[in-house]
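Undergrad: coords below, sequence missing:
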Ligand code: HEM
């Protein structure tokens, strides 16, 4: 009799645990698949990458649905309609960042603007960062062009050294992006293959490989007490990096020339001096270091992956690079470098840049947001601090907005007369609202200049004998949408 009572008690307790760990946060919480205790819905992710899983679940549950990833309830916005309703109609409510342990680590203890939660101070800091970057980039177009194209002689010599032999362009792209950002942020310019550049690059890549796809404790926070060894090495990496940036700020202060802006640190130091004069709360050196780290961190992997996709797409669809080359010959000729002003007459290149960003969608699920207060969306209740994922991939493949979404066609962005058309609402590689990417106009300008220069000077092709193989297969896809590694051949055009 006692044994039966114990079994009944156990069953009751298990039932209670089951109910407690699978119950939805509210009765009118967005619908979604029923989770399992402890692991939630993680088995949904067994075969496809997360953005594809969400695309499919959206067909079943609608464009606003919920899923429990491990121990964390998440609301997924799977359409332009839902995303605009949240990010544009309730901008502050959906501008938070979830308290993920990887964000804590990546942001060096919650200091970063990109990964910190919303607050009034955060909003002021973000505005300052955005304005400073804009001043540096749009304030002087010539300076920006030379930041980007200053490395073309190096690029040329590395490409020429390949002498028509197959090579994987990833390493070269990494060097280009790290050099450009190094010059933009710190004013230092390293020659390609300089040991210091290679060391910084390798460090950055190793750091991303460890934490870039998140940490298990992001979704299983109750295991955060386990002392993972890699957490310590990641923290020490962040510390070293922060100290390095702080030193660079000191050197900049000692060597600055009034009225002459060399790089992003100088712009921030000018802003610091201005605030001191006006008596507004002063900008600290720590804040400048954080801002520099945000720009460097936000701009590296995103640009590298997008450029790697670009070359893969160009060898897969050679008529696009041929057309860019032809137009570059016509508009720019062979003597001078491209400029941003050429965009007006090179609509096809601008459209290609947009199409690369749409097709590749480097961040298919954006960067996770979270709600800053209890709210309702389309009649569903979403409590404060709920993680929200935005499926940019679904928007970039939505047949309602794109004629042929699964194909790469610059024409998606051109009207019948060949000019760049107002892009559809569902073009959101940089997201929208309060958290929209700070680097958007910089990247668009950078990609335009690099693409034009590359195809003005070189023709890239598949390795002979692999013409039938697809070069645009997806590689590892979790947080980032990577293209599978490949080799190509470069031939100088003139
Ligand atoms: C192809 C290149 C890039 C893509 C596709 C991209 C895309 C994105 C996306 C989707 C977000 C998340 C927005 C959100 O949470 O709603 C973001 C945030 C951000 N990006 Fe970019 N980005 C790129 C390049 C850059 C560059 C070059 C910089 C720096 C110059 C940069 C700096 C940032 C920063 C600081 C944030 C955080 C904004 C915030 O949390 O308020 N990004 N980016």
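TA: Sure, I can see it. Model, not experiment: these values are computed from the prediction. Numbering: from 1, shown residues only.

Undergrad: can we go C-alpha only for contacts and neighbour counts from here?
TA: Will do.

Undergrad: and the end-to-end length of stretch 258-266?
TA: End-to-end distance for stretch 258-266, by C-alpha to C-alpha, to the nearest Å: 10 Å.

Undergrad: Those residues of the stretch 101-250 of the chain touching the ligand, which are they?
TA: 113-115 (C-alpha under 6 Å from any ligand atom).

Undergrad: and of the residues you listed, the nearest to residue 201?
TA: Nearest to residue 201 among those, counting by C-alpha to C-alpha, is residue 114 at 20.8 Å.

Undergrad: Please name the residues that touch the closest one.
TA: Residue 114 makes contacts with 107, 294, 298, as judged by C-alpha atoms under 8 Å, 6 or more residues apart in numbering.

Undergrad: Who wins on neighbours among those?
TA: residue 107 (21 neighbours; other C-alpha atoms under 10 Å).

Undergrad: Leaving out sequence neighbours, find the closest residue to that residue.
TA: In this structure, residue 107 finds its nearest non-sequential neighbour in residue 115, 6.2 Å apart by C-alpha to C-alpha, 6 or more residues apart in numbering.

Undergrad: picking up where we left off before, dump the contacts of residue 114 into JSON lines; add secondary structure and pLDDT as well.
TA: Formatted as JSON lines, these follow (DSSP: H, G, I helix; E, B strand; the rest coil; pLDDT from 0 to 100):
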{"residue": "107", "secondary structure": "coil", "pLDDT": "75"}
{"residue": "294", "secondary structure": "helix", "pLDDT": "91"}
{"residue": "298", "secondary structure": "helix", "pLDDT": "91"}
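
Undergrad: nearest to residue 42, of those?
TA: Ranked by distance to residue 42 (C-alpha to C-alpha), these are led by residue 107 at 26.2 Å.

Undergrad: Do I have it right that the closest one meets residue 100?
TA: No: judged on C-alpha atoms under 8 Å, residue 107 makes no contact with residue 100 at a distance of 10.7 Å.

Undergrad: Can you tell me which of the residues of the stretch 101-250 of the chain next to the ligand comes closest to the ligand?
TA: The ligand lies nearest to residue 114 out of these, by C-alpha to the nearest ligand atom, at 3.4 Å.

Undergrad: and that closest one, backbone torsions?
TA: Dihedral pair for residue 114: phi -60, psi -30, per degrees, to the nearest 10.

Undergrad: Give me the pLDDT for it.
TA: On the pLDDT scale, residue 114 is placed at 93.

Undergrad: I'd like the numbering to begin with 120 instead of 1 from here.
TA: Sounds good: first residue 120 from here, last item residue 233.

Undergrad: how near is residue 455 to residue 579?
TA: Distance, residue 455 to residue 579, using C-alpha to C-alpha: 21 Å.

Undergrad: The two: who's more crowded?
TA: residue 579 (22 against 8).

Undergrad: Regarding the more buried one, what is its secondary structure?
TA: strand (DSSP: H, G, I helix; E, B strand; the rest coil).

Undergrad: same question, the one 5 residues further on
TA: Using three-state DSSP, the three-state assignment for residue 584 comes out as coil.

Undergrad: and the gap between it and the ligand?
TA: Distance of residue 584 to the ligand, computed by C-alpha to the nearest ligand atom, to the nearest Å: 31 Å.

Undergrad: Near that residue, how many residues? Count them for me, please.
TA: When counting by other C-alpha under 10 Å, one arrives at 7 neighbours for residue 584.

Undergrad: do the same with residue 359
TA: Neighbours of residue 359 under the rule other C-alpha under 10 Å: 12.

Undergrad: likewise residue 289?
TA: For residue 289, the count of nearby residues is 18 (other C-alpha under 10 Å).

Undergrad: Likewise for the one 5 residues further on?
TA: Around residue 294 there are 23 other residues, counting by other C-alpha under 10 Å.

Undergrad: Who are the contact partners of it?
TA: Contacts of residue 294 (C-alpha under 8 Å, 6+ apart): 311-312, 316-317, 320.

Undergrad: any idea which of those residues is the one closest to the ligand?
TA: Scanning the contacts of residue 294 for proximity to the ligand, where the rule is C-alpha to the nearest ligand atom, the winner is residue 320, at 15.8 Å.

Undergrad: what about the closest one, distance to residue 265?
TA: For residue 320 relative to residue 265 (C-alpha to C-alpha), the value is 22 Å.

Undergrad: circling back: please verify my assumption that the residue nearest to residue 226 contacts residue 221.
TA: No: with contact defined as C-alpha under 8 Å, residue 234 does not reach residue 221; the gap is 9.5 Å.

Undergrad: quick one: which of residue 320 and residue 265 has more around it?
TA: Shown here are residue 320 and residue 265; by other C-alpha under 10 Å, residue 320 has more neighbours (19 against 14).

Undergrad: Next, work out how far apart the residue nearest to residue 226 and residue 416 are.
TA: Residue 234 is 11 Å from residue 416, by C-alpha to C-alpha.

Undergrad: for residue 443, what are its contacts?
TA: 467-468, 571, 574-575.

Undergrad: and the residue nearest to residue 226, what does it touch?
TA: Each residue near residue 234 by C-alpha under 8 Å, 6+ apart is listed here: 216, 222-223, 225-226.

Undergrad: and if you look at residue 169?
TA: Counting by C-alpha under 8 Å, 6+ apart, residue 169 makes contact with residue 597.

Undergrad: picking up where we left off before, pick out the most distant pair among the contacts of residue 234.
TA: 216 and 225 (13.0 Å).

Undergrad: How much space separates the most centrally placed residue in the chain from residue 610?
TA: By C-alpha atoms, centre = their mean, the chain has its centre lying nearest to residue 421, at 4.5 Å. Going from residue 421 to residue 610 by C-alpha to C-alpha gives 27 Å.

Undergrad: Could you do residue 273 as well?
TA: Distance of residue 273 to residue 610, computed by C-alpha to C-alpha: 16 Å.

Undergrad: now do residue 215
TA: 48 Å.

Undergrad: the more surrounded of these two?
TA: Higher neighbour count among residue 215 and residue 610: residue 215, with 26 against 16, using other C-alpha under 10 Å.

Undergrad: next one: phi and psi at the more buried one?
TA: Dihedral angles of residue 215 (phi, psi; degrees, to the nearest 10) stand at phi -80, psi 170.

Undergrad: is it true that it touches residue 492?
TA: No: judged on C-alpha under 8 Å, residue 215 makes no contact with residue 492 at a distance of 9.3 Å.

Undergrad: Give the residues shared as contacts by the two.
TA: Here residue 215 and residue 492 have residue 504 as joint contacts, going by C-alpha under 8 Å, 6+ apart.

Undergrad: In the stretch 270-419 of the chain, which residue sits nearest the ligand?
TA: Going by C-alpha to the nearest ligand atom, the ligand is nearest to residue 418 of the stretch 270-419 of the chain, at 3.3 Å.

Undergrad: I figured that residue hits residue 557, correct?
TA: No: using C-alpha under 8 Å as the test, residue 418 is too far from residue 557 to be in contact (9.4 Å).

Undergrad: where along the chain do the strands fall?
TA: Here the chain has its strands, by DSSP state E, at 183-188, 191-196, 488-489, 494-496, 499-501, 506-509, 577-581, 593-596, 600-602, 607-611.

Undergrad: Let me have the ones you listed in TSV, extended by mean pLDDT and distance to the ligand.
TA: Below are the strands of the chain laid out as TSV (pLDDT from 0 to 100; distance: least, C-alpha to the nearest ligand atom, whole Å):
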stretch	mean pLDDT	distance to the ligand
strand 183-188	97	17
strand 191-196	97	12
strand 488-489	98	6
strand 494-496	98	17
strand 499-501	98	18
strand 506-509	98	8
strand 577-581	98	21
strand 593-596	77	15
strand 600-602	93	10
strand 607-611	97	22
